[in-house]
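# Starting from these lines, generate the structure:
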Amino acid sequence: MATLKKQRRIDTDNRIKAAAVEVFEEYGYERAQLSYMSKIAGISIGLIGQNFGSKQELFLSVVSIYSCCMQSYTTA
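Sure, this is the predicted structure:
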């Protein structure tokens, strides 16, 4: 049962991150709103806060993913 709960958490995090990328790309950091992200991801704003803490933490999480991808391209 714990693995199902963990998988749901991972799936939710991935939906949030995908929505965040879309919103940050369209609006930029300053104008991006968690309400836009929650609507796209189909979850509550509170769940974003629960999983990431703040817009800044979510942004840093998304940027770190792209940073790792870019490093793999430059070292290949």
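
# hey, where'd the helices end up in the chain?
Using DSSP state H, the helices of the chain run over residues 2-31, 34-41, 45-52, 55-75.

# Mind exporting the C-alpha coordinates of stretch 40-50 to PDB?
In PDB, the C-alpha atoms belonging to stretch 40-50 read as follows (Å, rounded to 0.1, in the frame of the first residue of the first chain):
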ATOM      1  CA  ILE A  40      -4.000  23.000 -15.300                       C
ATOM      2  CA  ALA A  41      -2.900  20.200 -13.000                       C
ATOM      3  CA  GLY A  42      -6.400  19.500 -11.800                       C
ATOM      4  CA  ILE A  43      -5.500  19.800  -8.100                       C
ATOM      5  CA  SER A  44      -6.000  22.300  -5.300                       C
ATOM      6  CA  ILE A  45      -3.600  25.200  -4.600                       C
ATOM      7  CA  GLY A  46      -3.100  23.700  -1.200                       C
ATOM      8  CA  LEU A  47      -1.700  20.600  -2.600                       C
ATOM      9  CA  ILE A  48       1.000  22.600  -4.500                       C
ATOM     10  CA  GLY A  49       1.900  24.200  -1.200                       C
ATOM     11  CA  GLN A  50       1.900  20.900   0.600                       C
END
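
# what bits of the chain have low per-residue confidence?
1-2, 67-76 (pLDDT under 70).

# Now do the same contact list for the nearest residue to G42 once chain neighbours are set aside.
Counting by C-beta to C-beta, 6 or more residues apart in numbering, G42 lies nearest to R15, which is 7.1 Å off, once chain neighbours are set aside. In short, each C-beta sits where N, CA and C put it, glycine included. Neighbour list for R15: 41-43 [criterion: C-beta atoms under 8 Å, 6 or more residues apart in numbering].

# Of those residues, just the buried ones, PyMOL syntax please.
If you want just the buried ones from these in PyMOL, going by 16 or more other C-beta atoms under 10 Å, the selection is:
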select buried, resi 41+43
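
# what phi and what psi does the backbone show at A32?
Torsion angles at A32 (phi, psi; degrees, to the nearest 10) stand at phi -70, psi 140.
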